[in-house]
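[1] Got a sequence here, can you build the structure:
(one chain, ligands or ions: 1)
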Amino acid sequence: MKKLSKSFLAAAMLETKLKAFLPLLIQHLFLYHYLSSLLPISMACNNKFTLDSVRDALIREEDSIVFSLIERARFPYNAPAYDPSFLGNGFSIAEFYVRGTESLQAKIGRYQKPEDVPFFPKDLPSPLPPTKDSQKVLLHPASASVTVNEAIWKFYFTELLPLFTTKGNDGNYASTVASDFVCLQAISRRIHSGKYVAEVKFTDAPQDYSPAISSKDRDKLMDLLTFVAVEEAVKKRVEKKARLFSQNVTLDENDSGKTQYKINPLVVSHLYDKWVMPLTKVVEVEYLLLRLS
Ligand SMILES: C=C(O[C@@H]1C=C(C(=O)O)C=C[C@H]1O)C(=O)O
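    Numbers count the residues shown, from 1 in each chain. Predicted structure coming up:
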């Protein structure tokens, strides 16, 4: 009995200590999360970008995109999640979720980096903690205004989703739109990282880019910044990643059946070929046009 009351006392003391400590811990985690969200995604070395370091960051983003698509492919298309009349507030579940989540994320300091661009920037709240300009100083200040999120939103829902989800409706709308948002953010971050690519290309060869910028020659800029061989390698690599990451793994030694994939690897190379790379280049051109202003 004495032993029991002793351990009860110890437990009670531990609980009191924890209660006192918890707000500090939460504060600490909040600050850690906030500050780490402002750190570069290893694109810059000593605050200096190189084309190689930026391209390495884009290669890492491919993993995030492939994994996000695999997660979304767990659910069927789920059309009611995209029906603007479903909730009765004028928004589809997807749009309602993205607006609400972006608002919360903005409060804890998201959307301060040039590659983190909101889909619904209007009326976003300011961050609660003081903001810390990290990447902004490395790019032209006008870079924040460059966004192609409208185009991403459109192709994702109308053209891409039907290519890698099965037809049908399983009622899992909350999980479905949460997965959509992860896909959208990963794709958008990759595409808007084009701002860094453009900055490096410009600083490496201002004599080539400046005349085309001054004359607002979009075609010439597009020509200058396009590397066909790099694009071909990107398409091959993302298809290979999709093949590796999305295959169903079995331990059955006698299993001589065909490998099954959670998403069709060709859809991923198509995504890059038709939308991701062209839109990255649009971001590059738009950034460059503002570079000398
Ligand atoms: C991003 C770059 O610019 C262009 C776009 C590419 C892409 O989106 O992957 C690849 C090569 C370039 O045509 C780059 O040069 O790395």
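[2] Could you list the low-confidence segments of the stretch 1-150 of the chain?
    Along the stretch 1-150 of the chain, the model assigns pLDDT under 70 to residues 1-47, 131-137.
[3] again, 80 this time
    In the predicted model of the stretch 1-150 of the chain, residues 1-48, 129-138 satisfy pLDDT under 80.
[4] The ligand contacts on that one?
    By the rule Cβ under 6 Å from any ligand atom, the part of the stretch 1-150 of the chain lying against the ligand is residue 55. From N, CA and C alone the C-beta is placed, and that goes for glycine too.
[5] Going along the chain, name the strands of the stretch 1-150 of the chain.
    44-45, 48-49 (DSSP state E, counting those that start in this stretch).
[6] For the last one, which outside residues touch it?
    If I follow you right, that is strand 48-49. 43, 138, 196, 199, 200 (Cβ atoms under 8 Å, 6 or more residues apart in numbering).
[7] Would you map the helices across this protein?
    Ranges of helices within the chain are 2-37, 51-72, 93-107, 149-155, 161-164, 173-192, 194-204, 206-214, 218-225, 228-246, 265-271, 277-291, based on DSSP state H.
[8] how about these in JSON lines, adding mean neighbour count?
    Formatted as JSON lines, those follow (neighbours: other Cβ atoms under 10 Å):
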{"stretch": "helix 2-37", "mean neighbour count": "10"}
{"stretch": "helix 51-72", "mean neighbour count": "18"}
{"stretch": "helix 93-107", "mean neighbour count": "18"}
{"stretch": "helix 149-155", "mean neighbour count": "16"}
{"stretch": "helix 161-164", "mean neighbour count": "16"}
{"stretch": "helix 173-192", "mean neighbour count": "21"}
{"stretch": "helix 194-204", "mean neighbour count": "22"}
{"stretch": "helix 206-214", "mean neighbour count": "14"}
{"stretch": "helix 218-225", "mean neighbour count": "16"}
{"stretch": "helix 228-246", "mean neighbour count": "16"}
{"stretch": "helix 265-271", "mean neighbour count": "20"}
{"stretch": "helix 277-291", "mean neighbour count": "21"}
